[in-house]
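Undergrad: Next input, structure requested:
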Amino acid sequence: MVDSLNDIVVECINCGHEVKTDFDWIEQRKVLTCSGCGSSFPIHAVYDMYYEQVPLVKDAIDLIISYAKQPWTITNGKVGYSKKVEAFLKKGGFDSLLERILSDVVKYGDSYLEIISDSKTKDIIELKPLEAKSVTIKLGKEIPYGRAFTGEREIEEFVVKNRSSERRLAPTDVIHSKSRTFLHYAPYGESVMRIALRYIHYLRTSGANALRLGAGWWVDYLENDICLGIGVPRIFLEKNYAKYGKPVLEYASTVLIHSVREAQEPIENSFRGQLFGQLIGEKDFREIPRLEFKKPHFEMILKNGGYDFGEEIKNWKKALDLKIITEEEYKKIISKYLGKS
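TA: Numbering: from 1, shown residues only. Okay, the predicted model is just below:
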């Protein structure tokens, strides 16, 4: 059992023995060691195990990723800059990279891409994914803001360790997308599973016995808390959730949309802040284009759950006939109901 709210227990990925840790240890990406078999492993391996072995966890995470993987555009910045950035992303296969980036951001809290440049021209030619579990961040001195120190520290380098090698990359050679960083200077992001780790462990170790003893309420309690921690209301894991009604779904959708934006925004920010300026040779942040994903909306989520917008469409048609709204406004509204925007 845990000794405090900060302490949590996970399972050894090799023998299943309980391994005690805490949120601070996980936040610092320190290696976990099993007292049962003596093996050591990163928290990423625990996240992988839970994702692969707990269907509820996998379904919730996959739902966030599916809604986060939306069409994107390059906005703002000078026209020439925007076109150059867009051309680079399309040529470099950004769409094919996106699911990997989103998966790492959601599952681990961090995604790392190595920026590959031509050795002669120094032009950026490729983005190469790095395994999140292989990367650690070496921090330097604190960064002062005037006379104040906030705790933010410089990133000296990214250390990439594999079984037989170790590489050190400069901050300008890596795009680091990190999620759920409530403090902007936290070096690492936070997995959607971190808050739910305790409940996932209890579900795996006590769920089967609870059902055998007729205590299904305990399993329901744990599963609801797991979904709450991950940020996906449990009702959205059902196929036809339209039955819960529009008011309930509208409220629940705000939670899901927030979780989706927590996956999208780190990518939007990191690409603008860590890649685009280098790509176009521009240091003035105001001139650097933005990467923007399409944001999921309430109507999209309801439609996916089998909700029929027939009545709403009929009412807006009446408003159009009475000239309360224009044809253009009508088309814009209806497009959401039809899944076209």
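Undergrad: How about the helix or strand that contains Val10, which residues are buried there?
TA: Assigned by DSSP states H and E, Val10 belongs to strand 7-11. For strand 7-11, burial by neighbour count (16 or more other Cβ atoms under 10 Å) applies to 8-11. All C-beta spots, glycine's among them, are computed from the backbone N, C-alpha and C.
Undergrad: same question, stretch 20-31
TA: Buried residues in stretch 20-31 (16+ other Cβ under 10 Å): 21, 25-27, 29.
Undergrad: returning to what we had before: now for the buried residues of strand 7-11, which pair is the farthest apart?
TA: Pairwise distances across the buried residues of strand 7-11 peak at 11.2 Å for Ile8 and Glu11 (criterion: Cβ to Cβ).
Undergrad: that's a strand at Lys295, yeah?
TA: No: counting by DSSP: H, G, I helix; E, B strand; the rest coil, Lys295 is not part of a strand but coil.
Undergrad: what's the helix or strand for the residue nearest to it when sequence neighbours are not counted?
TA: Leaving aside its chain neighbours, Lys295 sits nearest to Arg261 (6.7 Å; criterion: Cβ to Cβ, 6 or more residues apart in numbering). In the assignment (DSSP H and E), Arg261 maps to helix 246-271.
Undergrad: tell me what that helix is packed against?
TA: Judged by 3 or more Cβ pairs under 8 Å, 6 or more residues apart in numbering; DSSP states H and E, helix 246-271 is in contact with helix 55-68, helix 94-108, strand 174-178, strand 290-293, helix 298-304.
Undergrad: Can you list the residue ranges for helices in the stretch 1-150 of the chain?
TA: Assigned by DSSP state H, counting those that start in this stretch, the stretch 1-150 of the chain shows helices spanning 23-27, 43-53, 55-68, 79-91, 94-108.
Undergrad: which one of these lies closest to Tyr251?
TA: Among the helices of the stretch 1-150 of the chain, helix 55-68 comes nearest to Tyr251, with 17.0 Å by Cβ to Cβ.
Undergrad: show me the contacts for the closest residue to Ala68 other than its chain neighbours.
TA: Residue nearest to Ala68 in three dimensions, not counting chain neighbours: Ala263, with 4.2 Å by Cβ to Cβ, 6+ apart. By Cβ atoms under 8 Å, 6 or more residues apart in numbering, the residues touching Ala263 are 64-65, 68, 102, 105-106, 179.
Undergrad: returning to that earlier point: next, the residues that contact the next helix or strand after the helix holding Arg261 from outside, please.
TA: For helix 246-271, the succeeding helix or strand toward the C-terminus, using DSSP H and E, is helix 277-280. Contact with helix 277-280 is made by 77, 81, 84-85, 88, 115, 124, 172, 283, 285, 288-289, as judged by Cβ under 8 Å, 6+ apart.
Undergrad: Same check on stretch 306-313?
TA: Applying Cβ under 8 Å, 6+ apart, the set of residues contacting stretch 306-313 is 239-242, 246, 249, 299, 302-303, 334, 337.
Undergrad: Adjacent strands (with direction) for the longest strand along the chain?
TA: Ranked by residue count, the top strand of the chain under DSSP state E comes out as strand 148-161. Pairing partners of strand 148-161, with direction, according to DSSP bridges: strand 135-145 (antiparallel), strand 166-169 (antiparallel).
Undergrad: what comes up buried for the last one?
TA: It refers to strand 166-169. Neighbour counts using 16+ other Cβ under 10 Å place Leu169 of strand 166-169 among the buried residues.
Undergrad: what's the answer for stretch 54-74, then?
TA: Neighbour count says stretch 54-74 has 54, 56-57, 60-61, 63-65, 67-69, 72, 74 buried, by 16+ other Cβ under 10 Å.
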